[in-house]
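Colleague: Let me see the structure of the following:
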Amino acid sequence: MSEQDKEKLVSQDVVEVIEQDAGDNDNKATEPAEEIKKAEKTPGRFAKGRSWLLAVIILVILLVLMAAGGYWLFDRLNQRIDSLASNQQALVQQIQANQQQYETVQSGITSNRNEWRQAYTNIEQLVVNAAQRWNRDADRTENRWPLEEALTLTRLAEQRLQLDSSATVASGLLKAADTILANMDQAAVLPLRRQLAADMLALNSTVSADINGLYFTLEAMAEQIRELNWLPKPLNQPELESDTSPAESFLQGLQNVFVVSRLDVPMEAPPLHSDFEQWRQRTLLLLEQTQLALLAHNQSLFDAALAQSTEMLTAMQSQISVAPYLEQLSTLKAAVLNPQWPDIHASVELIEQYLAGQSDAEEATE
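Modeller: Have a look, this model is predicted:
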């Protein structure tokens, strides 16, 4: 068969099928129409019952659907709850494990913290003790050196007073010791300063001579006398006035050439250079004797030598200027070589006792 024949057969079969389907559809369409007509012919009770039946069926279907949906939701919810419960249990177990691990770590941190705190406390206490010890040593050195210096000055003042009999030097040394103690802010040094003030007042109230000063004064005086140069003074001839007469001028010239003197009065010879040297040597010997008496604290010998020196200088005042020497010797007459010195050893003992008590207290604290 050719392809055209085959196509004709196929098209005929399709047409037949379509016609058959159309006939069936017509039959089905006629059946509801007939039923509708029958229903129209039946009473309304049948229609009402059918509507209730349809409503019940729909309600049952809805209830079944709702029950199925509820059961599905309930099952899904139970599965979700079980899953959440299992997750919660696993989370609780993990939390408990983490809690135990945290407690372990926390206990380790606490123990380490306590150890570090104890070590820090020990180090801090060690540093505090070292700082306190260093402060005590520094305070001891800082407070002890001024006291040692004041003690040395008071001892030196006592020695100078005993050996040199110099109240001025001794008072100056005590004043220096009091100045050192005045720079200290400790109330315990106030009794020391009170005793120093009493000793300085006693020294200043005692009339005494500066032995060294007097000795150097006599030595300077002797050195100046040793360097003196002397020449005999020429006779002073009065000058003639311009308005004098020739006769008066002639008489004055005769008086200058001829000297009229009484025979019952011995005539003193003018001093020679050898006489001046003898005077110089005697004066220097007397001044040296005065110095030796001054150093020996021999009041009587000092006064006698001083009087003889004054007499020797007075005998030569017509030839040389001895007024400064006489004035200086007059000031030396009031010197007291052997005064009654006060006892200043109380200041030395008080400072020594204070230092000894301070050393005992420091040893007791250590």
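Colleague: Give the lowest-confidence helix or strand of the protein, using mean pLDDT as the measure.
Modeller: Lowest by mean pLDDT, DSSP states H and E among the helices and strands of the chain is helix 3-41, with a mean of 51.
Colleague: Can you name every helix or strand that whichever helix or strand comes after it contacts?
Modeller: Of the helices and strands lying after helix 3-41 in sequence (DSSP states H and E), the nearest is helix 45-163. Judged by 3 or more C-beta pairs under 8 Å, 6 or more residues apart in numbering; DSSP states H and E, helix 45-163 is in contact with helix 167-182, helix 190-205, helix 345-365. For glycine as for every other residue, the C-beta is placed from the backbone atoms N, C-alpha and C.
Colleague: Indicate which one of those helices is closest to residue 68.
Modeller: helix 345-365 (97.6 Å; C-beta to C-beta).
Colleague: Could you count how many residues lie near residue 191?
Modeller: Look at residue 191: counted by other C-beta atoms under 10 Å, it has 13 neighbours.
Colleague: Touching, it and residue 350? I think so.
Modeller: Yes - the criterion here is C-beta atoms under 8 Å, and residue 191 meets it with residue 350 at 6.6 Å.
Colleague: residue contacts, the closest residue to residue 161 other than its chain neighbours?
Modeller: Leaving aside its chain neighbours, residue 161 sits nearest to residue 170 (4.2 Å; criterion: C-beta to C-beta, 6 or more residues apart in numbering). Applying C-beta atoms under 8 Å, 6 or more residues apart in numbering to residue 170 gives the contacts 157, 158, 160, 161, 203, 344.
Colleague: Counting neighbours, which of these end up buried?
Modeller: By neighbour count, with 16 or more other C-beta atoms under 10 Å, the contacts of residue 170 hold 157, 158, 160, 161, 203, 344 as buried.
Colleague: For residue 153, see how far away the nearest residue to the first one once chain neighbours are set aside is.
Modeller: What that stands for is residue 157. Excluding the flanking residues, the one nearest residue 157 by C-beta to C-beta, 6+ apart is residue 173, at 3.7 Å. Using C-beta to C-beta, to the nearest Å, one gets 5 Å for the distance from residue 173 to residue 153.
Colleague: same check, this time on residue 190
Modeller: Residue 190 sits at a distance of 18 Å from residue 153 (criterion: C-beta to C-beta).
Colleague: neighbour-wise, which of those two wins?
Modeller: residue 153 (23 against 11).
Colleague: For the more buried one, give me its contacts.
Modeller: Applying C-beta under 8 Å, 6+ apart to residue 153 gives the contacts 173, 174, 176, 177, 180.
Colleague: how about a cut-off of 6 Å?
Modeller: 173, 176, 177 (C-beta atoms under 6 Å, 6 or more residues apart in numbering).
Colleague: Surely the last one is in contact with residue 149?
Modeller: No - using C-beta atoms under 6 Å as the test, residue 177 is too far from residue 149 to be in contact (7.7 Å).
Colleague: Which one of the two is surrounded by more residues?
Modeller: More crowded of residue 177 and residue 149, by other C-beta under 10 Å: residue 177, with 29 against 14.
Colleague: The nearest residue to residue 210 once chain neighbours are set aside and residue 99: what is the separation?
Modeller: Closest residue to residue 210 apart from its sequence neighbours, by C-beta to C-beta, 6+ apart: residue 168 at 5.7 Å. As for residue 168, its distance to residue 99 is 92 Å (criterion: C-beta to C-beta).
Colleague: Looking at these two, which is more packed in?
Modeller: Each of residue 168 and residue 99 has its neighbours counted (other C-beta under 10 Å); residue 168 has more, 17 against 12.
Colleague: what's the neighbour count on residue 198?
Modeller: When neighbours are defined as other C-beta under 10 Å, residue 198 has 14 of them.
Colleague: what's the pLDDT at it?
Modeller: At residue 198, the predicted lDDT confidence score is 90.
Colleague: excluding its backbone neighbours, what's nearest it?
Modeller: residue 346 (7.9 Å).
Colleague: which element is residue 281 on?
Modeller: Assessed by DSSP H and E, residue 281 sits inside helix 273-295.
Colleague: contact partners of that helix?
Modeller: Taking C-beta under 6 Å, 6+ apart as the rule, helix 273-295 contacts 214-215, 218, 222, 225, 230, 301-302, 305-306, 308-309, 312, 316.
Colleague: Narrow those to those that are buried.
Modeller: Among the contacts of helix 273-295, those classed as buried by 16+ other C-beta under 10 Å are 214, 218, 222, 225, 301, 302, 305, 306, 308, 309, 312, 316.
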